[in-house]
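> got a predicted structure plus its sequence, pasted below:
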Amino acid sequence: MNTILVTGGAGFIGSHVVRLFVEKYPNYHIYNLDALTYAGNLENLKDIEHNTNYTFIKGDITDEDFINALFEEHKFDSVIHLAAESHVDRSIQDPLAFVKTNVIGTMNLLNAAKKYWNGNFTNKRFYHVSTDEVYGTLGQTGLFTETTAYNPNSPYSASKASSDHFVRAYGETYKLPYVITNCSNNYGQNQFPEKLIPLFINNIINNKPLPVYGDGNYTRDWLYVKDHARAIDLVYHKGINGETYNIGGFNEWKNIDLVRLLCQQMDVELGRSKGTSEQLITYVKDRPGHDLRYAIDASKIKNELGWKPSVTFEQGLEKTIKWYLSNEDWLNNVTSGQYQSYYKKQYN
């Protein structure tokens, strides 16, 4: 049996990865390690929590002794490392929290893998999930490729760039088998409503202002989370050790254009007259170090591994809106903090 440790598996992207692997590979055992901070929600995985090839472990990757004990006990064959602090605004307020989780936490995992695999790297893999923000910002043209020089501009992206470098260093120095993926902005079901799309969906439902930074012309490439999980599956199984793969949605949207599309679709779904939600758009003071544009060239994973997005952004956004509107209890639990009692109720 292939024994895989997935870190951050109760989070937004992690929960989709865990579900995909648990359901698709019954001969694998998936251990989901999550600290259950504000962004980790076990309700995301209620449908698989009793599967025999799934185990949840509450714990913190920054606890070195705990991580070593886990590797000693479970003899993991592989790590899919998603656990991270990921919100840029929070990183501006508390940079050291991002260093602790994203850098020290990654180091603890690398050291444990190196120690317990002890040079026997047959069928072993350390898969590090990262972000396109490590590359910095683009002008009006150009795309991030796997060879783009790192140029992070926020404490968040700097911490992720550091962890990427350490993973590569362990590959070069200790021959640890690794792959890295750098993805664009994810969206979809179960995303914590601090990020743009679920935040604005929730605000539109409640007729609250939609705060758009600056002039709204910041541009991002958007990736549907289920397509990201499919890409992680492919890279885990078919990616080449020591390689990096960029994962993007092959589409760019200026923030203000995205928000207007979201408003239009929400008006349709809520039965409101056209233009109602757009009246909630409110321009606010820009955040420090705001990158102008991200855009990923995902041709490598497309050409080498055969991956491509399954939906257009418009289709993915419609699916996302319908999910949130059909799961308002989930949304209310998250925004009120009640979801944090689920672990105590289920696992205590």
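Arrived safely. Computed from a prediction, not measured in an experiment: that's the story for all the values here.
> which strands and helices sit next to the longest helix belonging to the chain?
Across the chain, the helix with the greatest residue count (assigned by DSSP state H) is helix 155-174. Contact analysis of helix 155-174 by 3 or more C-beta pairs under 8 Å, 6 or more residues apart in numbering; DSSP states H and E lists helix 88-93, helix 95-98, helix 105-117, strand 125-131, strand 178-183 as its packing neighbours. (Glycine included, C-beta is placed from N, CA and C.)
> now the angle from it to strand 125-131?
Computed with axes from the mean of the first three to the mean of the last three C-alpha atoms, to 10 degrees, the direction of helix 155-174 lies at 160 degrees from that of strand 125-131.
> what is the orientation angle of helix 155-174 with helix 105-117?
Using the same axes, to 10 degrees: helix 155-174 against helix 105-117 is 20 degrees.
> dump helix 155-174 to PDB, restricted to CA.
Coordinates of each C-alpha in helix 155-174 appear next as PDB, following Å, rounded to 0.1, in the frame of the first residue of the first chain:
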ATOM      1  CA  PRO A 155       6.100  38.500   2.800                       C
ATOM      2  CA  TYR A 156       3.800  35.600   1.700                       C
ATOM      3  CA  SER A 157       5.500  35.100  -1.700                       C
ATOM      4  CA  ALA A 158       9.000  35.600  -0.100                       C
ATOM      5  CA  SER A 159       8.200  32.800   2.400                       C
ATOM      6  CA  LYS A 160       7.000  30.500  -0.400                       C
ATOM      7  CA  ALA A 161      10.100  31.300  -2.500                       C
ATOM      8  CA  SER A 162      12.300  30.400   0.400                       C
ATOM      9  CA  SER A 163      10.500  27.000   0.900                       C
ATOM     10  CA  ASP A 164      10.900  26.300  -2.900                       C
ATOM     11  CA  HIS A 165      14.600  27.000  -2.700                       C
ATOM     12  CA  PHE A 166      15.000  24.700   0.300                       C
ATOM     13  CA  VAL A 167      13.200  21.800  -1.500                       C
ATOM     14  CA  ARG A 168      15.500  22.200  -4.500                       C
ATOM     15  CA  ALA A 169      18.500  22.400  -2.200                       C
ATOM     16  CA  TYR A 170      17.600  19.100  -0.500                       C
ATOM     17  CA  GLY A 171      17.200  17.600  -3.900                       C
ATOM     18  CA  GLU A 172      20.700  18.700  -5.000                       C
ATOM     19  CA  THR A 173      22.500  18.200  -1.700                       C
ATOM     20  CA  TYR A 174      20.900  15.000  -0.400                       C
END
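> in that helix, what counts as buried?
Going by neighbour count (16 or more other C-beta atoms under 10 Å), the buried part of helix 155-174 is 155-164, 166-168, 170-171.
> just the closest of these to Lys238, please.
Distances from Lys238 to the buried residues of helix 155-174, taken as C-beta to C-beta, are shortest for Gly171 (17.9 Å).
> near the residue nearest to the closest one when sequence neighbours are not counted, how many other residues are there?
Using C-beta to C-beta, 6 or more residues apart in numbering and skipping residues adjacent in sequence, the residue nearest Gly171 is Tyr178, 4.7 Å away. As a burial measure, the neighbour count of Tyr178 was computed by other C-beta atoms under 10 Å and equals 24.
> now swap in Thr106 and tell me
Other residues near Thr106 come to 27 when the count uses other C-beta under 10 Å.
> tell me the spacing between the closest residue to it other than its chain neighbours and Tyr178.
In space, not counting the residues next to it along the chain, Thr106 is nearest to Ser163; the distance is 4.0 Å by C-beta to C-beta, 6+ apart. Between Ser163 and Tyr178 the computed distance is 12 Å (C-beta to C-beta, to the nearest Å).
> next one: Met266
Remark: distance between Met266 and Tyr178 (C-beta to C-beta) = 41 Å.
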